[in-house]
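# sequence and predicted structure below; questions after.
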Amino acid sequence: MTTISVEHVSKSFGKVAAVDDLSFETPPGAITAFLGPNGAGKTTTLRMILGLVTPDSGSVTVGGRPYRDLDRPLRQVGAVLEATAFHPGLSAEAHLRAVAIAAGLDVARVGQVLDLVDLREAARRKVRGFSLGMRQRLALATALLGEPGLLILDEPANGLDPTGIRWLRGFLRAYAVDGNSVLVSSHVLAEVEQIADHVMILAAGRLRWSGPLTAGSSLEELYLEVAG
Ligand SMILES: Nc1ncnc2c1ncn2[C@@H]1O[C@H](COP(=O)(O)OP(=O)(O)OP(=O)(O)O)[C@@H](O)[C@H]1O
C-alpha cells in the first residue's frame, strides 16, 4: 500500500511562496482529488512528491521513503504530469518498449498496458500524429508499465472525449478497488464529484480543506467558500 506523506513542506520560488507549511497523507486504496485555483501550488507539490523539485523544508515520502530513494520507482509510483513529452518519431509501442527496457521491466507488459488504455489499434503509429487524448492514454500506459500501487495524475481528463472520460472514471475506480491509490489534480469539479472519494483543497500554498466527499453536498459550494 503506497501512501504519500507530506509533512510541513514549504517551497518558494524567489519571493513566491508556492507551498507554505503543507501537511497531508493520502488515504490508501482511494481516489484523492487535489483541487485549488491556478497558482495554488498543486503542480509544485506533485513535483516534490516525485523528487523533481526539492522542498526548502519539511519531508515528502512515498511508501515511507523519499521518491529518489525508492529502489524501483516505476513499480511503486506511476505519474502523468502536464505536458508529458514523447519522442515524436517513435510509435506508441516503441516508446513503451524503450521505457520498459530502461526501467528493467518485462516488455510483455507493453501489450498489456496498450490494451488497458485501449490504444492497441494505434500502437504502431508515430506519436507525432497522436491527438491530445491519445497522448493522455499513452502517458497513462507509460505510468502503468510497472504496475505501481500509486498513480499521480495531473488533469488526466484533459483532451479526452466523453467516451474517454467515462472510460477513465471506470478505470481509476477499478484500480482503486484493487487496493491501489490515486492522487489526481483537477479543475473540473463535476468530474471530481463523480470520481473522488476524498478531496484536498489548496489555496496560496496552504491546505484549506481536506475530507471525504459526501453524497448530496455541493463540491462547487465548498470549493468557492474555501478557495474562491
Ligand atoms: N519553476 C518555477 N519558477 C518560478 N515560479 C514557479 C515555478 N514553479 C511554480 N512557480 C510559482 O509557484 C506558484 C504555484 O505554482 P503551481 O504550478 O504549483 O500551481 P498550480 O496549483 O499547479 O496551478 P495551475 O492550476 O495553474 O496548474 C505560482 O505562483 C507559480 O508561478
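On my side now, so go ahead. These numbers come from a predicted model, not from an experiment.

# from now on I want contacts and neighbour counts done on CA atoms only, so please keep to that.
Fine.

# what residues does this protein have near the ligand?
Selection of the chain residues close to the ligand by CA under 6 Å from any ligand atom yields F13, V16, A18, G36, P37, N38, G39, A40, G41, K42, T43, T44.

# mind listing the helices in the protein by residue range?
For the chain, the helices defined by DSSP state H cover 42-49, 73-76, 92-102, 108-116, 132-144, 162-177, 189-195, 219-227.

# what sits up against the fifth one?
By that I understand helix 132-144. With contact meaning CA atoms under 8 Å, 6 or more residues apart in numbering, helix 132-144 is reached by 74, 77-80, 84, 92, 96, 99, 113-114, 116-119, 127, 151, 156, 158-161, 164.

# before we move on, what about the shortest one?
Residues outside helix 73-76 that contact it (CA under 8 Å, 6+ apart) are T2, Y67, A103, A143, L145, G146, E147, P148, G149, L150.

# go on, the fourth one?
For helix 108-116, the external contacting residues (CA under 8 Å, 6+ apart) are E93, L96, R97, A100, R120, A123, L138, A141, T142, L144, L145.

# would you point out the most distant pair within these?
With CA to CA as the measure, no two of those lie farther apart than A100 and R120, at 16.8 Å.

# contact partners for G64?
Residues in contact with G64 (CA under 8 Å, 6+ apart) are T3, I4, S5.

# check what pLDDT it gets.
Per-residue pLDDT puts G64 at 92.

# got phi/psi on it?
When read as degrees, to the nearest 10, the backbone of G64 gives phi 90, psi 0.

# ok, of the residues of the chain next to the ligand, which one's closest to W209?
Nearest member of the residues of the chain next to the ligand to W209, counting by CA to CA, is G36, at 10.1 Å.

# so what's the residue count around the nearest residue to A103 once chain neighbours are set aside?
Take A103 and drop its neighbours on the chain: the residue closest to it by CA to CA, 6 or more residues apart in numbering is L74, 7.4 Å away. Per other CA atoms under 10 Å, the neighbour tally for L74 reads 23.
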